[in-house]
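> below is the sequence, then the predicted model.
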Amino acid sequence: MARDNIYQEEEFPSPLMQLWFHFRQSPVVKVGFGCFLFLCFLAVFSSLISPYSPVENHLDSLLLPPAWDDNGDVSYLLGTDNLGRDMLSRLIHGTSLTFGLSFVVVLISLVIGVVIGSLSALTKGVKSSFLNHFLDVILSIPSLLLAIVIVAILGPGLNNTLWAIVMVLIPQFIHITRNAVDEEFNKDYVLASRLDGANSLRILHYSIFPNIIEKLISQATLAQSAAILDIATLGFLGLGAPIPMPEWGAMLANGIDLFYIAPWTVYLPGLAILFSVVAANLVGEGMRHALKARKES
């Protein structure tokens, strides 16, 4: 005997599945998400798909223009720099340094910020008030300025740059996590869990985190664009990746003196930074609008 279907769906989609349904509605966001995945692919497989080593010098091909120029060479599709290094290979490897490391930085900041923000949401009184005022002070300082101050204290270098950006991003995740957890604790389903005898940590793990994970993912995607700009800016200022690492900001600084002779050494890394920031922002905006649409539906 066939079972009667009372509901149209036998299983209700999870919050993440609902978020994905609303996220994919916009064609522009889908294009941005595709670009984001393309950058992730380049960051992971950069050493396999780049035609040359990013530090290999071709002394017979100094400042060669891109292949579409009359003086270009198809062997160097995007030309070479003042030391004969292939620009395409350096841009591909730079994806793992600028875009890839920004992903790692955001992930570390997210984990630390969520842990501290969740625990701070459980505290009340003087500790909670002090943390709120401290976060207000930190968040009022521009992230890039704060990162420069931290790097000036720790010293230049790629590792110190990454830790500086982690320390800059952590307060943002603490703030959003704390506010989200406080908001959820005031809802009826948390009261029902408390009446069932669940403690605060169990409520956090099983009840609250599944309902705030979308907000955290949305904040993480928006924070990544800021991390990309911070890494590139510190590299441009000479505080980040050292020579000859193919970080996009350092490449931009290296080619700035050659702008009138070889403009491709400047606009190619600049376009790479712009492309990655736009892709990250499109994904972040799509996540934010998907969250809003899911709440309204």
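That came in fine, so what should we check first? Given the structure is predicted, the values throughout are model-derived calculations rather than measurements. Numbering: from 1, shown residues only.

> quick one: F134 and T177, what's the gap?
From F134 across to T177, the span is 15 Å (CB to CB, to the nearest Å). For glycine as for every other residue, the C-beta is placed from the backbone atoms N, C-alpha and C.

> tell me if Q18 really is in a strand.
No: counting by DSSP: H, G, I helix; E, B strand; the rest coil, Q18 falls outside a strand, being helix.

> could you give the number of residues near it?
Per other CB atoms under 10 Å, the neighbour tally for Q18 reads 17.

> ok, it to V105 distance?
On the measure of CB to CB, Q18 and V105 end up 29 Å apart.

> can you check which helix is longest in this protein?
The longest helix of the chain (DSSP state H) is helix 264-296.

> mind listing what's buried along that helix?
Across helix 264-296, burial judged by 16 or more other CB atoms under 10 Å covers 264-266, 268-270, 272-273, 276-277, 279-291, 293-294.

> which of F134 and T177 has more residues huddled nearby?
Between F134 and T177, counted using other CB under 10 Å, T177 has the larger neighbour count: 26 against 12.

> now the host helix or strand of D136: mean pLDDT?
Using DSSP states H and E, D136 sits in helix 126-139. Confidence for helix 126-139, expressed as mean pLDDT, is 72.

> with just CA atoms, put that helix into PDB.
The C-alpha coordinates for helix 126-139 follow below in PDB (Å, rounded to 0.1, in the frame of the first residue of the first chain):
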ATOM      1  CA  VAL A 126      32.300  44.100  34.400                       C
ATOM      2  CA  LYS A 127      34.000  41.600  32.100                       C
ATOM      3  CA  SER A 128      31.400  41.900  29.400                       C
ATOM      4  CA  SER A 129      31.300  45.700  29.700                       C
ATOM      5  CA  PHE A 130      35.100  45.900  29.500                       C
ATOM      6  CA  LEU A 131      35.200  43.700  26.400                       C
ATOM      7  CA  ASN A 132      32.500  45.800  24.700                       C
ATOM      8  CA  HIS A 133      34.400  49.000  25.200                       C
ATOM      9  CA  PHE A 134      37.700  47.400  24.200                       C
ATOM     10  CA  LEU A 135      36.200  46.100  20.900                       C
ATOM     11  CA  ASP A 136      34.600  49.500  20.200                       C
ATOM     12  CA  VAL A 137      38.100  51.100  20.500                       C
ATOM     13  CA  ILE A 138      39.800  48.500  18.300                       C
ATOM     14  CA  LEU A 139      37.000  48.500  15.600                       C
END
